[in-house]
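Trainee: dropping a prediction and its sequence here:
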Amino acid sequence: MLVGVPKEIKNHEYRIGLTPAAVKEFVTHGHSVMVETNAGDAIGFTDQMYTEAGATIAPSAQQIFAEAEMIVKVKEPQPNECKLLSKGQTLYTYLHLAPDATQTELLVASGATCIAYETVTDGHGGLPLLAPMSEVAGRMSVQAGAHYLEKSHGGSGTLLGGVPGVAPGKVLVIGGGVVGTNAAKMALGLGADVTILDRSLPRLRQLDDIFRGQIKTVFSTVDAIEHYSSKADLVVGAVLIPGAAAPKLLNREHIKAMKPGSVLVDVAIDQGGCFETSKATTHQEPVYTVDDVVHYCVANMPGGVARTSTMALNNATMPFGLALANKGPKQAMLDDKHLLAGLNVHEGKVTYKAVVDALGEELGLSYTPAEDALK
Ligand SMILES: NC(=O)c1ccc[n+]([C@@H]2O[C@H](COP(=O)([O-])OP(=O)(O)OC[C@H]3O[C@@H](n4cnc5c(N)ncnc54)[C@H](O)[C@@H]3O)[C@@H](O)[C@H]2O)c1
């Protein structure tokens, strides 16, 4: 199969669909890979590295879209990219179609087979192609929090680890899933005093085992949120209710009651945020202050560490990508229900129910189960 990797064109997106190491895997399995010139330059993956891995370098995205049988990307295709897709071609990338009528309409019109990273499943009820980005965001949240706790960055001037003779800073993590666990690991590594709140008792038991009593686990109630947030130097918002907007767990009054110069990092901002005062920010202007509390609400945190994120994403996407190339997309999906769950659009049919639930009426779309669409 000829696999194509165009340069990402979304504003400030430096990740790339395949690393040179991933290209080498595809080539070793007998496939050809075409990478757009300079596509990985920003994160240190040069054309020469791609050539050495066995790829050919294309001068333009147009050539890649015209020739490749499968396009591997990171972000959802922009309208001009959607228009370059055609029937018989497979698109393998993050799509997030439900809130995006324009993209859905264009992908349906293209006739292409569109597989969304974010809806591929695993055998444990998880989303394996979303998890690496949650790991990155969770780890980054504490790094960002520690930075903005510095006096010159608007914070209270607190060092999370403390020093001998001075107590460490207090970190509260609300939501103990993938983001929360990774935030707690980083905070603990820095020597902070860490508390995790979650509503799931089984999850709190697992966390207690993972951290062997080095962090406090507390059942998430309004009372617990009020109590621990008022004492915290850094609060990380890491909750998720699948398919729903994030619940607002800290209201304006709670935030007013926090210590001046404390920091909120709302990782759940991509689902609307879990603090009343949160509004999405960018890597260019990551923070703002409300009632003396610094708010960091970057909606695409992994983009800030694009090199690590690209490698983490490739580790997760490559096995499925290889299956698509080795068996052909149709057979690969029919053989693996978890990969099949990633199919969102196929030859003009929408095969992911949540997309039809969100946009069916507006766009006049009906739902076709993925298996039926492929047959
Ligand atoms: N900003 C970014 O760049 C970025 C990157 C990755 C993930 N995210 C977001 O981070 C959030 C967390 O993702 P995740 O992968 O860790 O999800 P996850 O499903 O692994 O974990 C969510 C946890 O929240 C808990 N929870 C739900 N309601 C709660 C409540 N009221 N109080 C306490 N805990 C509660 C759940 O029990 C679960 O353990 C999501 O909104 C995700 O979209 C954002």
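Mentor: It's in. Numbering: from 1, shown residues only.
Trainee: how close does the residue nearest in space to the middle of the chain get to the ligand?
Mentor: Closest residue to the average C-alpha location of the chain: Met133 at 3.9 Å, with CA atoms, centre = their mean. To the ligand, Met133 is 5 Å away according to CB to the nearest ligand atom, to the nearest Å. Quick note: C-beta positions are derived from backbone N, CA and C, even for glycine.
Trainee: so that residue: helix, strand or coil?
Mentor: Here Met133 is helix, with the state taken from DSSP: H, G, I helix; E, B strand; the rest coil.
Trainee: which residues of the stretch 151-300 of the chain lie near the ligand?
Mentor: 174-180, 197-200, 203, 220, 238-241, 246-247, 249, 267-271, 299-300 (CB under 6 Å from any ligand atom).
Trainee: circling back: pLDDT wise, what is the residue lying closest to the residue nearest to the centre of the chain once chain neighbours are set aside at?
Mentor: Nearest residue to Met133, sequence neighbours excluded (CB to CB, 6 or more residues apart in numbering): Pro302, at 4.7 Å. Note on Pro302: pLDDT of 96.
Trainee: and for the one 5 residues further on?
Mentor: Among the per-residue scores, Arg307 holds a pLDDT of 98.
Trainee: again, but for Ile241
Mentor: The model reports Ile241 with a pLDDT of 85.
Trainee: surely it and Leu249 touch.
Mentor: No - contact criterion CB atoms under 8 Å: Ile241 and Leu249 do not qualify, at 11.1 Å.
Trainee: quick check: closest non-adjacent residue to the residue in the stretch 101-250 of the chain that the ligand sits nearest to.
Mentor: Residue nearest to the ligand within the stretch 101-250 of the chain (CB to the nearest ligand atom): Gly177, separated by 1.7 Å. Distances taken as CB to CB, 6+ apart place Leu240 nearest to Gly177, at 6.1 Å, with adjacent residues excluded.
Trainee: that's a strand at Thr195, yeah?
Mentor: Yes - Thr195: assigned to a strand according to three-state DSSP.
Trainee: next, the contact list for the residue lying closest to it once chain neighbours are set aside, please.
Mentor: Among residues not flanking Thr195 along the chain, Lys216 sits closest, at 4.4 Å (CB to CB, 6+ apart). For Lys216, the contact set (CB atoms under 8 Å, 6 or more residues apart in numbering) comprises Val194, Thr195, Ile196.
Trainee: ok, now how distant is Lys216 from Ser366?
Mentor: Lys216 sits 50 Å away from Ser366, going by CB to CB, to the nearest Å.
Trainee: Lys10: what secondary structure?
Mentor: coil.
Trainee: for it, what are its contacts?
Mentor: Here Lys10 is in contact with Lys75, Glu76, Gln78 (criterion: CB under 8 Å, 6+ apart).
Trainee: you'd agree Gly321 is up against Tyr92?
Mentor: Yes - in this structure Gly321 lies within contact range of Tyr92 using CB under 8 Å: 6.0 Å.
Trainee: so what sits against both of the two?
Mentor: By the contact definition CB under 8 Å, 6+ apart, Gly321 and Tyr92 are jointly contacted by Met70, Val72.
Trainee: between Ile241 and Leu249, which has more neighbouring residues?
Mentor: Higher neighbour count among Ile241 and Leu249: Leu249, with 21 against 13, using other CB atoms under 10 Å.
Trainee: returning to what we had before: select only the buried ones of the residues of the stretch 151-300 of the chain next to the ligand in PyMOL?
Mentor: PyMOL command restricting these to the buried ones, with burial defined by 16 or more other CB atoms under 10 Å:
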select buried, resi 174+175+176+177+178+179+180+197+198+203+220+238+239+240+246+249+267+268+269+270+271+299+300
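Trainee: tell me which of the residues of the stretch 151-300 of the chain next to the ligand fall in strands.
Mentor: Residues of these located in strands (DSSP state E): Ile174, Leu197, Asp198.
Trainee: buried sites along stretch 281-289?
Mentor: For stretch 281-289, by 16+ other CB under 10 Å, it's Thr281, Pro286, Val287.
Trainee: do the same with stretch 60-80
Mentor: 61, 64-65, 68-77.
Trainee: now swap in stretch 354-372 and tell me
Mentor: Of all the residues in stretch 354-372, those buried under the rule 16+ other CB under 10 Å are Val355, Val356, Ala358, Leu359, Leu365, Tyr367, Thr368, Ala370.
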